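Novice: How does the following fold in three dimensions:
(one chain, ligands or ions: 3)
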Amino acid sequence: MSIVAPPQTPPQANDLCWCGSGRKYKRCHKPLEGRVVQGEISPYRPVPDHINRPSYADTGKVVRWNEPRVKSAEIIERMRHAGKIAADVLRLAGEMVRPGVTTDEIDIYVHQLCLERDAYPSPLNYNGYRKSVCTSVNEVICHGIPDSRPLQEGDIINIDVTTYVGGVHGDTNATFFVGNVDPVSHDLVRVTEECMWKGIEAVRADRPVSDIGKAIEAHAKAHHYGVVKAFVGHGIGEQFHTDIQILHYYDTRGTTTIMRPGMTFTIEPMITLGTWQHRMWDDDWTAVTADGKRTAQFEHTILVTDDGFDVLTGGEGAVSPFAPWHR
Ligand code: MF3
Ligand code: CO
Ligand code: CO
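Specialist: Numbers count the residues shown, from 1 in each chain. Ligands and ions are numbered 1, 2, ... in the order given. Model prediction:
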């Protein structure tokens, strides 16, 4: 098979496309210029039998059950452990980010790091997801599937790690720079991390969860950025996703769920340079911005306490490149 390579200097919008389709460049390949192109996805990686697996690991089917929103002290201790491991794996995976590394290589490493820590990589076979981590580059909002695409100088990449160990999940993600990035992307990533912390700092017992989205949205708006609506934070514990939904924008739907000490959920805003609206790739996982502009995300698993919050995926291993109060 021969593939026509794009020319070094792009044609004029009204010229015929370089690919030989016979269509105008502006109606053919121009809209895809600079976009992330999917690579090859490698085969499923097995998990040894001694690692405790979540129920969906063998079937790919997620069966939800009613899990208490307020966790016991014993579950919380296990979640602290799973959270620390997720944070540790995320930090190590982030250290591997540099031009030329493929997202598949990041997946191989995350898979290995989880197994070494007796953890199951929660994404693997979750609703049939085929990899151990999500890697979302540039305009990919979330759930990017690791593949053979090498990271390019100037890319931004979100790595989303979830670990299942001791019968509970810990879920955390961060956006990393590939070499030197342009100032606009740099600002987006900084503000996105700030948005996550604004949301976390709004966590307070006896307040509605809508306080979280309100704080996030206000900060994003102050910077003229968009807030993705289609993907939300979630309750977490013995299940990867439970019924609690944490919207990252203000909505009256969030006013009836009241935060209580012992509740655990994620806060994971996805912030965009342009539109908040998304499109799906035909793999039915990869969500991208509708306008192809860049987007960033940060995530922590949070516990509501008597006097505020605890970051279960924080601590020593936590990735926080900007927020000065957590450096
Ligand atoms: N870690 C993601 C979240 O924050 C979920 C990934 S689901 C997967 O909720 F199947 F794509 F792994
Ligand atoms: Co999550
Ligand atoms: Co996650």
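
Novice: any idea how far the closest residue to ligand 1 within the chain is from T289?
Specialist: Closest contact between the chain and ligand 1, by C-beta to the nearest ligand atom, is at P123 (2.8 Å). To be clear about C-beta, it is placed using only N, CA and C from the backbone, and glycine gets the same treatment. According to C-beta to C-beta, to the nearest Å, P123 stands 22 Å off from T289.

Novice: now do G233
Specialist: 19 Å.

Novice: Tell me which of those two has more neighbours.
Specialist: Taking other C-beta atoms under 10 Å, G233 and T289 do not tie; G233 has more neighbours (27 against 23).

Novice: What sits closest to that one if chain neighbours are left out?
Specialist: I246 (3.1 Å; C-beta to C-beta, 6 or more residues apart in numbering).

Novice: One more: P31?
Specialist: G292 (7.4 Å).

Novice: ok, C195 - contacts?
Specialist: Counting by C-beta atoms under 8 Å, 6 or more residues apart in numbering, C195 makes contact with 216, 219-220, 227, 248, 269, 271, 298.

Novice: Name the residues of the stretch 1-150 of the chain found near ligand 1, please.
Specialist: On the criterion C-beta under 6 Å from any ligand atom, ligand 1 has as its neighbours in the stretch 1-150 of the chain the residues 123, 126-127, 129, 134, 143.

Novice: can you count the residues close to the nearest residue to the residue of the chain closest to ligand 1 once chain neighbours are set aside?
Specialist: In space, and not counting its chain neighbours, P123 is closest to Y129: 5.1 Å by C-beta to C-beta, 6+ apart. Using other C-beta under 10 Å, Y129 is surrounded by 17 other residues.

Novice: now swap in D211 and tell me
Specialist: Look at D211: counted by other C-beta under 10 Å, it has 18 neighbours.

Novice: In this structure it contacts I200, no?
Specialist: No: the criterion here is C-beta atoms under 8 Å, and D211 misses it with I200 at 11.1 Å.

Novice: before we move on, the earlier item: so which of the residues of the stretch 1-150 of the chain next to ligand 1 wins on neighbours?
Specialist: With neighbours defined as other C-beta under 10 Å, the most crowded of these is P123; it has 27 neighbours.

Novice: Now do stretch 162-171: distance to the chain's middle.
Specialist: Relative to its parent chain, stretch 162-171 has a centroid offset of 16 Å by C-alpha atoms, centre = their mean, to the nearest Å.

Novice: what about the helices in the stretch 151-300 of the chain?
Specialist: Using DSSP state H, counting those that start in this stretch, the helices of the stretch 151-300 of the chain run over 183-201, 210-222.

Novice: Of all the residues in the stretch 1-150 of the chain, which one is nearest ligand 3?
Specialist: Of all residues in the stretch 1-150 of the chain, C134 sits closest to ligand 3, at 6.9 Å by C-beta to the ion.

Novice: which residues touch that residue?
Specialist: By C-beta under 8 Å, 6+ apart, the neighbours of C134 are 123, 142-146, 158-160, 173.

Novice: circling back: surely the residue nearest to P123 and D107 touch.
Specialist: No: if you go by C-beta under 8 Å, Y129 and D107 don't touch, sitting 11.3 Å apart.

Novice: returning to that earlier point: can you tell me which of the contacts of C195 are buried?
Specialist: Among those, those scoring as buried are 216, 219-220, 227, 248, 269, 271, 298 (criterion: 16 or more other C-beta atoms under 10 Å).

Novice: could you measure V311 against I258, distance?
Specialist: Applying C-beta to C-beta to V311 and I258 gives a distance of 21 Å.

Novice: which one of these two has more residues nearby?
Specialist: Counted by other C-beta under 10 Å, V311 and I258 do not tie: V311 has more neighbours, with 20 against 13.

Novice: beta partners for the more buried one?
Specialist: Note on V311: beta-bridge partners by DSSP bridges are I302.

Novice: any idea how far ligand 2 is from it?
Specialist: 14 Å (C-beta to the ion, to the nearest Å).

Novice: so how far is H111 from that residue?
Specialist: 25 Å.

Novice: I159 too?
Specialist: In terms of C-beta to C-beta, I159 sits 13 Å off from H111.

Novice: V288 against I141, yeah?
Specialist: Yes: between V288 and I141 there is a contact under C-beta under 8 Å: 6.2 Å.
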